[in-house]
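Engineer: Here is the input, now give the coordinates:
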Amino acid sequence: MDRILVVGATGQLGRAAIRAMLSRRASVRALVRNAESAAHFQSLGVEPMLGDLTDAASIARACEGMTTVVATANAAVPSRGSDTFQAVERHGYRNLIGAAKAAGVHRVVYTSAPLSKHARLSPLLLYKRETEAAIADSGLDHVILRAGVFMDVAFTMMGSTIPLRGAEGATVLRPFAFANRYFAGIKDSIEKKRVARIPGDGTTRHGFVCIADVAEFLASAAFSGPSGAHSVFGPEALTFVDVVHLYERILGAGLRVQRTPAAVFRIAAPLIRPFSSAGANLMALNYIGATEETPADDGAAAAFGVRLTTAEAFLRAKAAMAANI
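Structural biologist: Numbering: from 1, shown residues only. The predicted structure follows:
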């Protein structure tokens with residue numbers, strides 16, 4: 001029987017992936033940091049394992065008896081100061097790769113990000129490329145999923161709580177995180193002030209993908225599907241202006257658009273870095289998102305048997321839920 005270890009289980013994507021795996025009647029072990037998280041997963045029928053990606057001994061114990069490792073953990077929006085890019089993305093993933101090999105794990109499924117010509121600006125992207133190479137060189141059977149821009153995050157950061165409805169462990173709500181502090185000041189922008197905030201001029205297209213669909217990719221890859229690296233995007237490439245129009249149709253009200261020039265993010269990143277490496281990285285990702293396009297799905301969904309959700313279907317489904325923020 002397949003036994004799956006999920007690293008990054010308490011994050012928004014990790015939680016969604018676990019639910020997708022449980023729907024397939026998988027035997028799942030979740031790596032967690034505290035007793036509260038352990039109790040939560042145990043109530044779902046998931047085996048909790050106390051440990052940390054940066055603790056090599058705990059990772060070794062967590063990998064014992066596992067056939068598959070699904071990794072969604074990252075340091076983009078850290079919940080504690082010690083979760084640096086180097087500690088998590090470099091040393092942590094080296095710990096995981098070594099432990100997986102030693103335990104005889106059959107497959108590693110790693111959540112990565114799209115390729116970018118500006119990757120040097122983002123430590124997250126640089127370390128993801130490094131980890132991809134380490135996994136490929138490990139000799140382990142692997143699936144690398146280069147997931148595009150998440151609807152759940154990008155649409156939220158336009159100034160709306162609608163995409164957060166029904167979400168578990170929402171990334172932008174992590175306490176003490178840079179993103180949380182920023183979002184607190186704009187969360188009512190679309191619904192109450194009728195102002196949508198977009199990066200750049202809003203004309204760059206992206207294959208926005210929802211977290212629930214990425215979770216389905218992860219669950220599918222844990223059992224089958226082609227090895228190697230795959231780009232994971234949504235069914236259509238939309239601009240941020242297109243998304244503004246979606247909000248307008250769903251809310252039945254016009255919105256004013258507030259644009260932040262791409263250059264602002266490029267300039268802000270090095271200025272913020274001495275105070276917040278994670279904040280600087282988010283500025284770099286905003287710059288990349290404002291200046292580089294990503295495509296729509298090019299066949300990965302069919303390869304892994306995933307039915308993709310359109311941006312409009314995503315927002316309409318979220319809007320139909322009761323507000324819970």
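Engineer: and residue 285, what is it in contact with?
Structural biologist: Residues counted as contacts of residue 285 (CB atoms under 8 Å, 6 or more residues apart in numbering) are 76, 122, 124, 125. Every residue, glycine included, has its C-beta placed from N, CA and C.
Engineer: Show me the shaky parts of the stretch 51-200 of the chain.
Structural biologist: By pLDDT under 70, the low-scoring segments of the stretch 51-200 of the chain are 175-179.
Engineer: For it, which segments count as strands?
Structural biologist: Per DSSP state E, counting those that start in this stretch, the stretch 51-200 of the chain carries strands over the ranges 68-71, 107-112, 141-147, 195-199.
Engineer: Name the residues that touch the longest one?
Structural biologist: Around strand 141-147, the neighbours that count as contacts under CB under 8 Å, 6+ apart are 106-115, 132, 135-136, 209, 214, 217-218, 221, 225-232.
Engineer: List the buried residues in that strand.
Structural biologist: Residues 142, 143, 144, 145, 146, 147 are the ones in strand 141-147 that count as buried (16 or more other CB atoms under 10 Å).
Engineer: possible to save those as a markdown table with distance to residue 52?
Structural biologist: Shown next, in a markdown table, are the buried residues of strand 141-147 (distance: CB to CB, whole Å):
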| residue | distance to residue 52 |
| --- | --- |
| 142 | 22 |
| 143 | 24 |
| 144 | 23 |
| 145 | 23 |
| 146 | 25 |
| 147 | 23 |
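Engineer: Among the residues you listed, which one sits closest to residue 89?
Structural biologist: Lowest distance from residue 89 to these (CB to CB) belongs to residue 144, with 14.2 Å.
Engineer: Name the SS class of the nearest residue to the closest one once chain neighbours are set aside, please.
Structural biologist: Distances taken as CB to CB, 6 or more residues apart in numbering place residue 229 nearest to residue 144, at 4.1 Å, with adjacent residues excluded. The three-state assignment at residue 229 reads strand, by DSSP: H, G, I helix; E, B strand; the rest coil.
Engineer: burial count for residue 229?
Structural biologist: Neighbours of residue 229 under the rule other CB atoms under 10 Å: 16.
Engineer: residue contacts, it?
Structural biologist: 112, 132, 144, 146.
Engineer: got it, and residue 149?
Structural biologist: By CB under 8 Å, 6+ apart, residue 149 lies in contact with 206, 207, 208, 209, 289, 294.
Engineer: Now do the helix or strand where residue 318 lies: which elements does it pack against?
Structural biologist: Using DSSP states H and E, residue 318 falls within helix 311-319. With contacts defined as 3 or more CB pairs under 8 Å, 6 or more residues apart in numbering; DSSP states H and E, helix 311-319 has these neighbours: helix 151-154, helix 240-251.
Engineer: which outside residues touch that helix?
Structural biologist: Under the criterion CB under 8 Å, 6+ apart, residues 151, 155, 162-166, 208, 210, 234, 236, 238, 242-243, 246-247, 249-251 lie in contact with helix 311-319.
Engineer: Equivalent analysis for stretch 238-247, please.
Structural biologist: For stretch 238-247, the surrounding residues in contact (CB under 8 Å, 6+ apart) are 154-155, 158, 160, 162, 190, 196, 198-200, 202-206, 208, 255, 257, 311-312, 315.
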